[in-house]
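**Student:** I'd like to go over a predicted model; first the sequence, then the structure.
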Amino acid sequence: MHEKRACAPRWAEPLCRIALMYQTGDLSIRELFQRAAPDLEDPDFVRIVARQLDSEPDLVVAWQQYSFDKRGTPSPYFKGTEVGFVDVIGGQVQSRRVGRFATPVDACSAFIFREASWVLHRREVG
């Protein structure tokens, strides 16, 4: 379990719920990330997100499904305890910047950071 902190930033819960909100189809993924307005410069970003996910395990399942449903490349991906960046180069699907994590919560937290950075800034991180 991740260490507790007095109060999570205002962006933590809406950010973690994006995968569920996206299923409704009311807003684009970019609009959802913009509304959540996560602080990508926060050095505790991944830890904050992990704590939020620990409190609602169904969110990890929703993010996993969101990742599986994605079709565009280049793009971050999340699969179990693995997170990476997938692209098609020369007609071949290639993964890069692959990270393996101890738990699905840790992997999901890293994926959310990568996805937010990609969707909001077209910045490949990891």
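**Tutor:** Yes, it's here.

**Student:** Give me the nearest residue to the most centrally placed residue in the chain, chain neighbours excluded.
**Tutor:** For the chain, the residue nearest the mean C-alpha position is I112 (1.4 Å; CA atoms, centre = their mean). Ranked by CB to CB, 6 or more residues apart in numbering and with sequence neighbours excluded, the top spatial neighbour of I112 is V49, at 5.3 Å. Where C-beta positions appear, they are placed from N, C-alpha and C, glycine not excepted.

**Student:** and what of P14?
**Tutor:** Closest to P14 by CB to CB, 6+ apart is A36, at 4.2 Å.

**Student:** what's the neighbour count on the one you found?
**Tutor:** Neighbourhood size, A36 [other CB atoms under 10 Å]: 20.

**Student:** Check C16 too.
**Tutor:** By other CB under 10 Å, the residues close to C16 number 27.

**Student:** Now do it against A8, distance only.
**Tutor:** As defined by CB to CB, to the nearest Å, C16 lies at a distance of 10 Å from A8.

**Student:** my read is V93 is in a helix, agree?
**Tutor:** No: using DSSP: H, G, I helix; E, B strand; the rest coil, the assignment for V93 is strand, not a helix.

**Student:** pLDDT below threshold where in this structure?
**Tutor:** Where the chain drops to pLDDT under 70, the residues are 1-6.

**Student:** what's the helix ranked longest in it packed up against?
**Tutor:** Identified as the longest helix of the chain according to DSSP state H is helix 104-121. Applying 3 or more CB pairs under 8 Å, 6 or more residues apart in numbering; DSSP states H and E, one finds that helix 104-121 contacts helix 12-16, helix 29-36, helix 45-55, helix 58-69, strand 75-79, strand 82-89, strand 92-100.

**Student:** if we can go back for a sec, you'd agree the residue nearest to P14 is up against R10?
**Tutor:** No: look at A36 against R10 with CB atoms under 8 Å: they stay out of range, at 9.2 Å.
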